[in-house]
Structures are given as structure tokens and as C-alpha cells.
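*Asks:* Next comes the sequence, and after it the predicted model I'd like to discuss.
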Amino acid sequence: MNRFLVIVLFIVFTETSIQISAQTCKPSGSIRGRKPPPGECNTENDSECCVQGKFYTTYTCSPAVTSATKAKLTINSFQKGGDGGGPSECHNQYHSNDTPVVALSTGWYKGGSRCHKFITINGNGRSVKAMVVDECDSTRGCDADHDYQPPCPNNIVDGSKAVWKALGVSKDNWGDLNVTWSE
């Protein structure tokens, strides 16, 4: 009986360890912040500007995608002149803040393979379908191409205002919300 219990515990522990290691995403490096030229960092939606000399962690991966992938929902303007910087990576176009669109961290963006696909985001007791149109770059930042903002963490779903509205989040709480998402 004890031998049987030991074998079962070993199998359960081994399977759990494999699942945990498959979900691990370790930093790939760091970049040193550069002070943006005056007026060059757009702080719309409380976006953070890089700090001179500060090191920012970079990632080439994101946690494994599941039927309920845990993420941080942040807010981004995909409109021309917004804090998202240039046009969307998927098709070099801007999007209205009234359209439910998102940018995904580099690992989840998968080199553009999720472009124009819809994901379902669950948060605040509601859900919304949004189209992937951009990458929230987890590998680079603190330069003109990234609006002098730091690299994204590896677990970001960066949503338009339409995403936040659809989730029923009050405007004064927009910016950072624990959510899950799925394909």
C-alpha cells in the first residue's frame, strides 16, 4: 500500500512539475532606459516614460496560452497620435478607440500569427471579443519607435477603450486589470 502511494505521488508530482515548467517564461535580458527628448513621450492613459539609466526587463516569451490565460489588461490608444505610437503592427493602420482591438505581449503575439484573430477577454464579471492588431513589444523599448515607453511585461493584453467599456469597468479604474483570455 505504501509503495503504491509513493508511485502515485511521484506521478502526480512529476506531472505537476512538467506543467509548471511549461508555463515558465524567464527574462531574456534587459535594456537601459534613455530619457525621451522633450515632448516625445506620450503619457495618454497614464503611460510610463522611460527613465534615464533605469534597467527594464525584456522577454521573448509569454506564459503558455490556455483556455483561461491569466493576463494584465492595460489601456492603449490605437488612434493616430495616441500613446500606442505608430500604426498597428499587423497591417500598418490605426484604429478607433471605439473598436475592440488589442495588442499582445511579444510571446503571445507570436510573430504576427495571431493578427486579425479574435480573442475573448474575461474580466469584471463580463467578457468581450477583441481583434489582435498589434504587438506590445516585450523585447525593445525606450526609443522613438516605442514612443519612449519601456518594454511591455510578458503578460499584457493592451486593450482599446472599447474593450474597457465592454467589460463594464468604470473609467476611473481603467489602466490595469487582472483578466483571463482565450483564443
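*Replies:* Received, thanks. Numbering: from 1, shown residues only.

*Asks:* residues contacting the residue nearest in space to the middle of the chain?
*Replies:* Geometric centre of the chain, nearest residue: Ile156, 1.6 Å, by CA atoms, centre = their mean. By CB atoms under 8 Å, 6 or more residues apart in numbering, the contact list for Ile156 reads Ala71, Lys72, Thr74, Ala103, Leu104, Ser105, Cys136, Ser138. From N, CA and C alone the C-beta is placed, and that goes for glycine too.

*Asks:* For burial, what's the neighbour tally of Gly107?
*Replies:* Residues within reach of Gly107, counting by other CB atoms under 10 Å, total 21.

*Asks:* Can you list phi and psi of it for me?
*Replies:* phi -60, psi -40 (degrees, to the nearest 10).

*Asks:* do the same with Asp172
*Replies:* phi -70, psi -10.

*Asks:* Dump the contacts of Ile156 to JSON lines, plus secondary structure, pLDDT and neighbour count.
*Replies:* Below are those laid out as JSON lines (DSSP: H, G, I helix; E, B strand; the rest coil; pLDDT from 0 to 100; neighbours: other CB atoms under 10 Å):
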{"residue": "Ala71", "secondary structure": "strand", "pLDDT": "98", "neighbour count": "28"}
{"residue": "Lys72", "secondary structure": "strand", "pLDDT": "98", "neighbour count": "17"}
{"residue": "Thr74", "secondary structure": "strand", "pLDDT": "97", "neighbour count": "22"}
{"residue": "Ala103", "secondary structure": "strand", "pLDDT": "97", "neighbour count": "25"}
{"residue": "Leu104", "secondary structure": "strand", "pLDDT": "98", "neighbour count": "26"}
{"residue": "Ser105", "secondary structure": "strand", "pLDDT": "98", "neighbour count": "26"}
{"residue": "Cys136", "secondary structure": "strand", "pLDDT": "96", "neighbour count": "27"}
{"residue": "Ser138", "secondary structure": "coil", "pLDDT": "97", "neighbour count": "27"}
